[in-house]
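Colleague: Prediction below, plus the sequence it came from.
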Amino acid sequence: MYNASFTILYMLMKKNSLFALLFFIVSTALSAKVITVDNNAGAVAQFNNITDAYAAAEDDDIILLAGSATSYGAIDCYKRLQFIGNGYFLANNSTPGLNKATATLNISFKEDVNTGLGDSSNSSVLGLAGLYTSPVSVSGLTIDKCYGTGNWVFDGTVAVTRSFHTGRLYLRESSSSVSNSIVNYLHITEENITATHCVVTTACYNVANTSISSTIFMATTPANLETNANITYSINVGLDDLVPDGVGNNTTGQILANVFTLEGGSGAVDKYYQTKEGGAADNTGNNAGTEDMGAFGGAVPYVLSGVPGIPRMTYFAVPSIATGLTPLEFEGSARSIPE
């Protein structure tokens with residue numbers, strides 16, 4: 001956990017200095033060029049729209065987007081970039097930070113080196129909401145701590161981690177993976193794809209020579225849980241015998257109260273899916289039943305609200321009066337949530 005308090009003396013007032021200060025903190029911690037984008041009224045950032053920010057970016061740059069009630073729209077990405085937002089469900093989970101809005105951006109990852117547009121392979125998205133897709137020619141994508149409501153379709157290799165997705169997630173290329181995520185519909189359509197430490201809230205479709213482990217299913221009919229994959233250390237909430245006999249599997253249908261904490265009262269937010277201590281998913285997952293099943297188990301568990309591990313402003317005060325050469329005294333504090 002990172003915490004910091006500071007006082008900054010400024011001779012000139014600047015509008016919306018919160019994002020400027022956050023940019024200062026982040027840029028001191030990251031080596032790549034950081035490009036800030038903020039479309040809130042009166043904001044101070046390098047850009048107020050994603051189109052101009054993307055045009056200014058070069059391979060390996062970081063595009064940092066401020067939380068906003070207004071979507072940043074959509075882009076076709078032909079560059080190797082890192083996109084960073086500020087997380088989601090921030091108000092629901094009482095996440096520390098002054099800006100509780102979510103940064104939303106839809107990204108179509110592309111490749112066209114023949115005409116000089118470039119290749120977005122090995123790009124990453126962290127702490128954003130949006131729709132993400134890729135063709136088979138784009139590989140090595142990382143989608144971490146992200147939120148989605150529509151279809152994520154990846155025809156190239158991708159690693160989806162610690163994400164919350166209420167639509168359909170399609171993994172269509174070998175060596176792809178999904179881990180420590182909460183997914184509504186999971187479609188695994190190619191061999192040698194893995195899913196581990198997930199919660200699948202509606203249906204899981206899969207093929208042979210794929211692997212699913214430490215996963216909690218919530219399928220209500222046999223058609224919603226295909227068993228072509230090698231499924232281990234997993235359970236189903238609801239009906240019996242939907243999870244096949246296998247290593248570490250519990251074929252007895254579970255009730256919700258014996259699997260999740262039920263914190264929050266509904267499945268609308270991520271904290272609902274925290275594993276209940278002493279329940280059927282507690283210490284019954286991978287590594288011979290020593291890890292928790294579901295998104296909050298394993299070595300790299302899900303993080304509530306998908307908050308990136310960079311400092312967030314938690315307090316900021318500006319004096320109401322300053323005269324002559326008297327400096328303005330800005331007071332603030334920042335805190336980061338561990339990765």
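Modeller: Noted; the coordinates are in hand.
Colleague: contacts, neighbours, all on C-alpha from now
Modeller: Noted.
Colleague: For residue 194, give me its contacts.
Modeller: 175, 176, 177, 178, 210, 211, 212 (CA atoms under 8 Å, 6 or more residues apart in numbering).
Colleague: same deal with residue 70?
Modeller: Residue 70 neighbours (CA under 8 Å, 6+ apart): 39, 40, 104.
Colleague: Give me the phi and psi angles of it.
Modeller: Phi and psi for residue 70, reported as degrees, to the nearest 10, are phi -110, psi 130.
Colleague: I'd like to know how many residues surround residue 113.
Modeller: 11 (other CA atoms under 10 Å).
Colleague: Against residue 171, how distant is the closest residue to residue 59 other than its chain neighbours?
Modeller: The shortest distance from residue 59 to any residue other than its chain neighbours is 4.7 Å, reached at residue 80 (CA to CA, 6 or more residues apart in numbering). Applying CA to CA, to the nearest Å, the value for residue 80 to residue 171 is 21 Å.
Colleague: Comparing the two, which shows the higher neighbour count?
Modeller: residue 171 (27 against 22).
Colleague: who does the more buried one bridge with?
Modeller: Taking DSSP bridges as the rule, residue 171 bridges to residue 154, residue 188.
Colleague: Spit out the contact partners of it.
Modeller: 153, 154, 155, 157, 158, 177, 187, 188, 189, 190, 193.
Colleague: The nearest residue to residue 100 once chain neighbours are set aside: neighbouring residues, count only.
Modeller: Distance criterion CA to CA, 6+ apart; nearest residue to residue 100, sequence neighbours excluded, is residue 90 at 5.3 Å. A count of nearby residues for residue 90, using other CA under 10 Å, gives 20.
Colleague: Just the helices from the stretch 1-150 of the chain, written as ranges.
Modeller: Using DSSP state H, counting those that start in this stretch, the helices of the stretch 1-150 of the chain run over 17-29, 50-56.
Colleague: weakest of these in terms of mean pLDDT?
Modeller: Of all those, the minimum mean pLDDT falls on helix 17-29 (a mean of 46).
Colleague: Do I have it right that residue 156 meets residue 138?
Modeller: Yes - Residue 156 lies in contact with residue 138 (CA atoms under 8 Å); the separation is 5.3 Å.
Colleague: got the CA coordinates for stretch 71-83 in PDB?
Modeller: The C-alpha coordinates for stretch 71-83 follow below in PDB (Å, rounded to 0.1, in the frame of the first residue of the first chain):
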ATOM      1  CA  SER A  71     -17.200   7.800 -23.000                       C
ATOM      2  CA  TYR A  72     -13.900   8.500 -24.900                       C
ATOM      3  CA  GLY A  73     -15.400   6.700 -27.900                       C
ATOM      4  CA  ALA A  74     -13.600   4.200 -30.000                       C
ATOM      5  CA  ILE A  75     -10.300   3.800 -31.900                       C
ATOM      6  CA  ASP A  76      -8.500   1.400 -34.200                       C
ATOM      7  CA  CYS A  77      -5.100   0.800 -32.700                       C
ATOM      8  CA  TYR A  78      -2.200   0.000 -34.900                       C
ATOM      9  CA  LYS A  79       0.500   0.800 -32.300                       C
ATOM     10  CA  ARG A  80       2.000  -1.100 -29.400                       C
ATOM     11  CA  LEU A  81       0.500   0.900 -26.500                       C
ATOM     12  CA  GLN A  82      -0.500   0.600 -22.900                       C
ATOM     13  CA  PHE A  83      -3.900   2.100 -22.000                       C
END
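Colleague: quick check: mean pLDDT across it?
Modeller: Rounded mean pLDDT across stretch 71-83 is 98.
Colleague: so how far is it off the chain centroid?
Modeller: 16 Å (CA atoms, centre = their mean, to the nearest Å).
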